[in-house]
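A.B. asks: one predicted model, sequence on top.
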Amino acid sequence: MRGFYKCLLVAVLVVCAACGRGDGSLDEFCVKVYEPQYAEGFEILGAEGRQSVVLVTKSPWQGASDSTMLFIARGGEEAPSGFDGQVLDGEARRIVCMSSSHVALLDAIGQTDRVAGVSGLGFITNPKILGRSDVGDVGYDQSINYERLLALNPDLVLLYGIFGINTLEPKLRELGIPFVYIGDYIESSPLGKAEWMVPIAEITGDRRLGEQAFTPIPENYNRLKEQADKSPDKPLVLLNSPYADSWMMPSVGSYMVRLIEDAGGQYCCPEITGSESKAIGMERAYSLGQQADVWINCGQARSISELLAMCPKMDTARPVANGRVYNCTLRATPGGGNDFWESGIAHPDLVLQDLINVFSGADTAQFTYYERLK
């Protein structure tokens with residue numbers, strides 16, 4: 001019996017020692033606990049016998065060569081030895097969102113109460129956030145209020161990158177505040193953007209919330225897409241509006257072009273390939289205006305007169321003459337917020353339904369994000 005208790009004591013000591021150090025190797029986290037169906041920018045990895053997971057953001061910004069990682073520690077476990085990513089202890093109860101789409105993804109899983117702060121409260125449209133007095137505004141761009149950010153005592157800051165690391169990252173490292181890059185911005189698939197609600201749910205401690213919220217979205221989206229595919233009419237679609245002396249148009253594989261095609265439309269600039277938007281000359285834009293059937297996403301204009309003030313030569317454009325100019329400004333705010341770029345990211349099926357109605361010319365349709373300019 002003495003030998004048995006001695007062996008048991010050794011086993012207990014080994015277990016206790018393992019609990020107090022960086023456990024194992026990062027290579028052990030190779031089990032895909034969630035495999036995205038549409039998103040390309042993340043994966044959630046686990047390890048045999050471990051409660052903790054690693055959230056990998058494959059594309060934290062456009063053109064990124066390296067991924068970033070967040071170790072979500074659970075059950076008293078520690079990050080693997082040598083892990084140099086960010087570490088979240090348990091779940092994030094207080095979250096600062098640096099993009100309005102992050103708010104929408106949290107709202108989609110019913111977790112807006114975890115939002116402690118946002119970047120630019122005037123750009124937020126979510127009524128649950130606007131109805132609270134305890135949500136801090138940490139500012140944006142070069143006007144971040146770090147004292148306020150620190151006072152919010154966040155468990156995690158949700159970042160996004162455009163062409164490189166977010167300028168907030170070095171300061172967060174200095175302050176010891178964990179952060180993670182949410183790459184919905186990079187996804188070109190409308191459903192891929194929405195699927196980021198799953199890792200958002202993982203961060204809050206219950207991945208099932210994200211899975212349950214996401215499941216009906218592709219079902220509805222694909223049903224609508226199949227209906228649109230059957231339509232014999234494929235209207236030619238012009239989008240955007242001029243800026244300075246150029247007119248930016250997205251690439252054929254972009255988020256908006258995918259939505260246009262899935263809704264039964266034809267993109268007017270199929271020659272723009274690659275992954276980035278490109279400028280076309282004004283004369284080319286005017287020519288496209290004579291050919292297009294529908295014009296959408298035309299800046300901040302809320303009326304035809306506002307639109308023509310920006311580009312007077314488009315007064316002879318076919319969509320203007322035929323009354324088929326629509327903008328995604330139905331839920332825009334005076335402060336510059338636009339719910340199309342907020343909740344529309346989490347609900348691409350609702351955006352698709354709007355575009356199907358736009359392309360069919362259904363003026364009596366109930367729109368969620370779009371309005372016909374008059």
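C.D. replies: In hand now; what should we look at? Numbering: from 1, shown residues only.
A.B. asks: from residue 305, how far out is the residue positioned nearest the centre of the chain?
C.D. replies: For the chain, the residue nearest the mean C-alpha position is residue 184 (3.1 Å; CA atoms, centre = their mean). For residue 184, the distance to residue 305 equals 35 Å [CB to CB, to the nearest Å]. All C-beta atoms are positioned from the backbone trio N, CA, C, and that covers glycine.
A.B. asks: over to residue 179?
C.D. replies: Distance from residue 179 to residue 305, by CB to CB: 44 Å.
A.B. asks: between those two, which one's more packed in?
C.D. replies: Counted by other CB atoms under 10 Å, residue 179 and residue 305 do not tie: residue 179 has more neighbours, with 21 against 10.
A.B. asks: and the residue lying closest to that one once chain neighbours are set aside, how many residues sit next to it?
C.D. replies: Excluding its sequence neighbours, the residue lying closest to residue 179 (CB to CB, 6 or more residues apart in numbering) is residue 157, at 4.3 Å. Residues lying near residue 157 (other CB under 10 Å) number 28.
A.B. asks: ok so residue 157 is a strand residue?
C.D. replies: Yes. Judged by DSSP: H, G, I helix; E, B strand; the rest coil, residue 157 forms part of a strand.
A.B. asks: any idea which element residue 227 lies in?
C.D. replies: Assigned by DSSP states H and E, residue 227 belongs to helix 216-229.
A.B. asks: no no, residue 149
C.D. replies: Following DSSP H and E, the helix or strand that holds residue 149 is helix 146-151.
A.B. asks: how is the protein partitioned into domains?
C.D. replies: Per automatic domain parsing, the structural domains of the chain span 24-214, 231-372.
A.B. asks: turn those domains into a markdown table, including mean pLDDT and distance to residue 220.
C.D. replies: What follows is these, written out as a markdown table (pLDDT from 0 to 100; distance: least, CB to CB, whole Å):
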| stretch | mean pLDDT | distance to residue 220 |
| --- | --- | --- |
| domain 24-214 | 96 | 10 |
| domain 231-372 | 94 | 4 |
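A.B. asks: need those domains in a markdown table with distance to residue 225, can you?
C.D. replies: Below are the domains of the chain laid out as a markdown table (distance: least, CB to CB, whole Å):
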| stretch | distance to residue 225 |
| --- | --- |
| domain 24-214 | 10 |
| domain 231-372 | 5 |
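A.B. asks: how close does the residue nearest to the centre of the chain get to residue 198?
C.D. replies: For residue 184, the distance to residue 198 - CB to CB - is 11 Å.
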